[in-house]
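K.L.:
Structure here, sequence nowhere to be found:
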């Protein structure tokens, strides 16, 4: 069993708070994949051509595969993915209801920028879990060619119509604001998840200065993505 | 190359009309998979619970995998799947716009009954193509557990509320009527596809009596599916 190998490698897995933190991390990643599936399928309907629609469908299907990977991994811990996702419905659903893309480009930007900052944050948390969970999180969050697709489409749209850049820059700021606000909500409500980040007597982690540097990294990565698109952050 | 093996097995593949028929069959199956993806993703949004939503997402993702299989196969013939699908956009899009499910149960019934009759028809056509294409069509059309899911949900709904059965029986008739009407439209416009079914000097096929028996089989299978659901056809 996977639990056995983790126990062997990292003795603190007996700690129920740690276990709950891992389950939380995987629950959030699983629910994120399901939400991304719905969103990519939705946005595909706004695609200007059939090839774009096929690309979106392929990306959506990949999210389901990610969800399945996490479900199987959690089942190895005797955890039902449905239970693991429950604490995160409210935050995700609120984020998506406050940031409904009005058109194809807004949808693309949301997938790249919103999912980008979320994935960066999950990877930061994953640095403090057992190596098997960490590899799974990295594998599931790996970009599968969607970033290049978005960059190409957004840059083309900006070069055709300069006004688009201003509108999308505003949209990018709104996405990050809502994402950070929901992340704070989750952190406030899920001690187990946030305590993965913080150092304890038995376990390495980050002190407050390190957590602040982590947020700086998240914002820097976001700014880099916006700049890749040719947008102000 | 796949073309080589087909040539070896069945000498009529040099016939351009036959080739076009195969491309048409695969184009329609590919576009059918894409349409099914969109529909399952849409219907998932009406799912009463998260477990149902996950089931629908899984089924939707499987359709994308089917599409990819057909795309790869066609690429082996130097045919772009986008081109192969083009002749069938109008018929599919019309069918779906005339049969928009109003709720979760109508969506489930449409997936089972509408896709069921379409799959039966494609399998009938596939009986007259090379074995490699035929296996692909059968593989892609194989039910992946969705039928059992639909049967369980529909039967449960009927047992809770008897009025549901009458409404769904009407909906089933409407679905089949629209499906057959679009099938006729496709047959009238795509000689290459319909001529796969008909016997020529060089190639086995069906005569008119056999074609009529085929339609009888399609209708019988449909009636069997409705009856499995506990519905009048």
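P.N.:
Nice, I can see it. This structure is a prediction, so every number in the text was calculated from the model and none was measured.

K.L.:
Return the distance of residue A:174 relative to residue A:79.
P.N.:
Here residue A:174 is placed at a distance of 35 Å from residue A:79 (Cβ to Cβ, to the nearest Å). To be clear about C-beta, it is placed using only N, CA and C from the backbone, and glycine gets the same treatment.

K.L.:
Same drill for those two, tell me which one is more crowded.
P.N.:
Here residue A:174 and residue A:79 are set side by side on neighbour count (other Cβ atoms under 10 Å in any protein chain shown), and the busier one is residue A:79, at 18 against 15.

K.L.:
For residue A:60, which non-adjacent residue is spatially closest?
P.N.:
Taking Cβ to Cβ, 6 or more residues apart in numbering or on different chains as the measure, residue A:60 lies nearest to residue A:40, with 3.8 Å between them; neighbours along the chain are not counted.

K.L.:
What's the first helix or strand after the helix or strand containing that neighbour?
P.N.:
Taking DSSP states H and E as the definition, one finds residue A:40 inside helix A:16-44. Using DSSP H and E, the helix or strand that follows helix A:16-44 towards the C-terminus is helix A:50-75.

K.L.:
How about the helix or strand that comes right after that next one and chain B, touching?
P.N.:
Going down the chain from helix A:50-75, the next helix or strand is helix A:81-85, by DSSP H and E. Yes: when contact is scored as Cβ under 8 Å from any Cβ of the partner chain, part of helix A:81-85 falls within range of chain B: A:82, A:85.

K.L.:
Next: stretch A:67-78.
P.N.:
Yes: residues of stretch A:67-78 contacting chain B under Cβ under 8 Å from any Cβ: A:67-68.

K.L.:
Enumerate the positions of that stretch that are buried.
P.N.:
Residues of stretch A:67-78 classed as buried under the neighbour-count rule (16 or more other Cβ atoms under 10 Å in any protein chain shown) are A:67-71, A:73-74, A:77.

K.L.:
Same check on stretch A:165-180?
P.N.:
Of all the residues in stretch A:165-180, those buried under the rule 16+ other Cβ under 10 Å are A:165, A:167-169, A:171-173, A:175-176, A:178-180.

K.L.:
so of those, which ones are in strands?
P.N.:
Mapping those onto strands (DSSP state E) picks out no residues; all lie outside.

K.L.:
what residues does chain A put near chain B?
P.N.:
By the rule Cβ under 8 Å from any Cβ, the part of chain A lying against chain B is A:34, A:37-38, A:41-42, A:44-45, A:50-51, A:53-54, A:57-58, A:60-61, A:63-65, A:67-68, A:82, A:85, A:89.

K.L.:
how about the nearest residue to residue A:221 once chain neighbours are set aside, what does it touch?
P.N.:
Across the structure, with Cβ to Cβ, 6+ apart as the measure, the residue nearest residue A:221 apart from its sequence neighbours is residue A:120 (5.2 Å). Residues counted as contacts of residue A:120 (Cβ atoms under 8 Å, 6 or more residues apart in numbering or on different chains) are A:217-218, A:221-222.

K.L.:
Let's see if you can find the most crowded of the residues you listed.
P.N.:
Top of the contacts of residue A:120 by neighbour number is residue A:222, holding 22 neighbours under the definition other Cβ under 10 Å.

K.L.:
Let me know whether that one touches residue A:229 as I believe.
P.N.:
No: between residue A:222 and residue A:229 no contact is recorded; they are 11.1 Å apart, counting by Cβ atoms under 8 Å.

K.L.:
Figure out how far stretch A:211-230 is from the centre of its chain.
P.N.:
Here stretch A:211-230 shows a centroid-to-chain-centroid distance of 14 Å under the convention Cα atoms, centre = their mean, to the nearest Å.

K.L.:
Could you do stretch A:91-111 as well?
P.N.:
What separates the centre of stretch A:91-111 from the centre of its chain is 14 Å, taken as Cα atoms, centre = their mean.

K.L.:
Now do the contacts for residue A:211.
P.N.:
By Cβ under 8 Å, 6+ apart, the residues touching residue A:211 are A:197-198.

K.L.:
Kindly provide the distance from the residue nearest to residue A:60 to residue B:191.
P.N.:
Note on residue A:40: its distance to residue B:191, by Cβ to Cβ, is 37 Å.

K.L.:
if you count what's nearby, which of these two comes out ahead?
P.N.:
Taking other Cβ under 10 Å, residue A:40 and residue B:191 do not tie; residue A:40 has more neighbours (23 against 14).

K.L.:
Correct me if wrong: that one contacts residue A:63.
P.N.:
Yes: using Cβ under 8 Å, residue A:40 and residue A:63 qualify as a contacting pair, with a distance of 6.6 Å.

K.L.:
In space, what's closest to residue A:150 - neighbours in sequence excluded?
P.N.:
Spatial nearest neighbour of residue A:150, chain neighbours left out: residue A:112 (4.2 Å); criterion: Cβ to Cβ, 6+ apart.
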